[in-house]
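S.K.: Give me a 3D structure for the following:
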Amino acid sequence: MTFTRDQLAAFTGATLPDLIPHPTRLLIVGINPGLLTVAVQAHFARRGNRFYKALYLGGITDHVIDASNGFDPADVRQLEELGIGITCIVPEATARAAELPPARLKEGGVALRDRVADLRPTVVAILGISAYRVAFDAPTATVGRQADWGASQVWVVPNPSGLNAHSTLDDLASAYREVAVVAGIPVRPELTRR
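M.R.: Numbering: from 1, shown residues only. So this is what the prediction gives:
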């Protein structure tokens, strides 16, 4: 699907449903959905986003999911069967996560902790240290394991956005693989990017 800039702008503030399997082993938490993601109703839909490629290279999924035109039901089934859920700190779409005021990130953080208490995933993996620091008032936090939220381990892993030049695709794949293994998800051998 192709959208004009104006068509995408019309999705500002809109939402999409969380992907929540039962049980949820690994809850992956983005900052907030982008406009294209909400337009096609599929998480991490922008082709330049490295999320699904990193899952594949990390040995988590059996192929690179292409959500750019919406989810294929078989891809949703694969994620659900693995116990992988996807949500966001803030549910409302923006063109860029940097548009979110700190107060909104903090509100979203409170709501996320409530959802985690209900869902009780084995692992919560938050994508992006900068958003984590603001949303959870942890200015000195570093990437890796954080304090647990009840029965759930909390990890901060690199954000897959193409704007995150600090992390390579291989870095993403390794970090996502690590949290998948901790969550008890069976993984295939890790691949290297060619």
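
S.K.: Might one say that residue 88 is in contact with residue 34?
M.R.: No: using C-beta atoms under 8 Å, residue 88 makes no contact with residue 34, being 10.1 Å away. Where you see a C-beta, it was placed from the backbone N, CA and C, and this is true even at glycine.

S.K.: joint contacts of those two?
M.R.: Common contact partners of residue 88 and residue 34 (C-beta atoms under 8 Å, 6 or more residues apart in numbering): none.

S.K.: Contacts only, for residue 26.
M.R.: Counting by C-beta under 8 Å, 6+ apart, residue 26 has contacts 82-85, 121-123, 125, 179-180, 183, 185.

S.K.: now with 7 Å?
M.R.: Going by C-beta atoms under 7 Å, 6 or more residues apart in numbering, residue 26 touches 83-84, 121-123, 125, 179-180, 183, 185.

S.K.: which intervals of the chain have sub-threshold pLDDT?
M.R.: Along the chain, the parts satisfying pLDDT under 70 run over 162-165, 192-194.

S.K.: ok, 50 please
M.R.: Applying pLDDT under 50 to the chain flags the ranges 194.

S.K.: Show me where the protein has its strands.
M.R.: Using DSSP state E, the strands of the chain run over 26-30, 84-88, 123-127, 144-145, 153-157.

S.K.: now those strands as JSON lines including distance to residue 73?
M.R.: JSON lines is the format used below for these (distance: least, C-beta to C-beta, whole Å):
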{"stretch": "strand 26-30", "distance to residue 73": "19"}
{"stretch": "strand 84-88", "distance to residue 73": "15"}
{"stretch": "strand 123-127", "distance to residue 73": "24"}
{"stretch": "strand 144-145", "distance to residue 73": "34"}
{"stretch": "strand 153-157", "distance to residue 73": "27"}
